[in-house]
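Visitor: would you be able to build a 3D model of this:
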Amino acid sequence: MQLAEFTTRFTLSALPELDAIHGELSHIDNKLRQAAVLIAVHEINGELQLILTKRPTHLRAHPGQISFPGGKVERADLNYQATALREAQEEIGLLAANVDVLGALPAHKTFTGFEITPFVATVKDAFEPVIDPGEVAEYFTVPLSFLLKRYNRHTQLYSRKGVQFPVHFIPYKQHFIWGATAAMIDLLCRHLEKH
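Guide: Presented below is the predicted three-dimensional model:
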C-alpha cells in the first residue's frame, strides 16, 4: 500500500464498529487519566512503516513496553491532538510541522487507569529521530504490510478479578507489542481492510 492509498482508505472509510474486543469496558473505572498518542505512518524506501518506541524500564507507567509516541494530557495542551504532537516531538524529535494528522480512532480505556486517544498521521518528510532517553529506550518501525496480515495480530481472553477481557498482541522480530498499542494497531488495520 502506498501513502496516497493509505490516506484515502483512512479518510473515506467509516470507523469499524467497536465489538466486544474493542468496545467500551463498563467495568473500568470512569476516573481515568487522559492521554493521547500519535500513530505515525512513515514511508521509508517506498514502504509504509508505523513508528513505535520501547519505554525505558525505569518509568513508573508501563516500563519496557512498546508504545506509540504519546503521553498524558497536560493543562497547557490546547486539545488531545496537541498532546500527541507535543509528545512525539519530545520523545522522538518528530516535529508537528512534519506530520499531517488524518483523524482519530476511538479512545481506548486501559485497566492501568488511562483513556488513550490515538491520532493517525502521516510523516511528510524523512527525519532523523532524536530520542529522549528519559522517555524512550528504543525507536523502531514496523511495516504496515506486516501488520495488515490478520495472522500477525492475535487476541487472547484473560481473566482479571473475575472479569474476562481481551488482550491483543503482535510479535515482531525481537519485539512483543501488546495491550493498548496492539489493540489500536488492530483497530487501525481493521479500518483499512474495509476497502
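
Visitor: my read is that Asn152 contacts Lys173, right?
Guide: No - using C-beta atoms under 8 Å, Asn152 makes no contact with Lys173, being 11.5 Å away. Using the backbone N, CA and C atoms, a C-beta is placed for each residue, glycine as well.

Visitor: so for those two, which residue has more residues nearby?
Guide: Set side by side, Asn152 and Lys173 give different neighbour counts by other C-beta atoms under 10 Å, the larger being at Asn152 (16 against 8).

Visitor: show me what contacts the more buried one?
Guide: For Asn152, the set of contacting residues under the criterion of C-beta atoms under 8 Å, 6 or more residues apart in numbering consists of 146, 170-172.

Visitor: and the pLDDT at it?
Guide: Among the per-residue scores, Asn152 shows a pLDDT of 96.

Visitor: with Ile21 instead?
Guide: The model reports Ile21 with a pLDDT of 39.

Visitor: try Pro166
Guide: Per-residue confidence for Pro166 comes out at a pLDDT of 84.

Visitor: quick one, strands of the chain?
Guide: Ranges of strands in the chain, per DSSP state E, are 33-44, 47-54, 66-67, 70-72, 99-104, 108-109, 114-123, 138-143, 154-160, 163-172, 175-178.

Visitor: need those strands in TSV (columns: mean neighbour count and distance to Glu193).
Guide: As requested, the strands of the chain are exported to TSV (neighbours: other C-beta atoms under 10 Å; distance: least, C-beta to C-beta, whole Å):
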stretch	mean neighbour count	distance to Glu193
strand 33-44	21	15
strand 47-54	21	15
strand 66-67	22	22
strand 70-72	20	24
strand 99-104	16	16
strand 108-109	20	19
strand 114-123	23	15
strand 138-143	16	16
strand 154-160	10	15
strand 163-172	16	15
strand 175-178	16	18
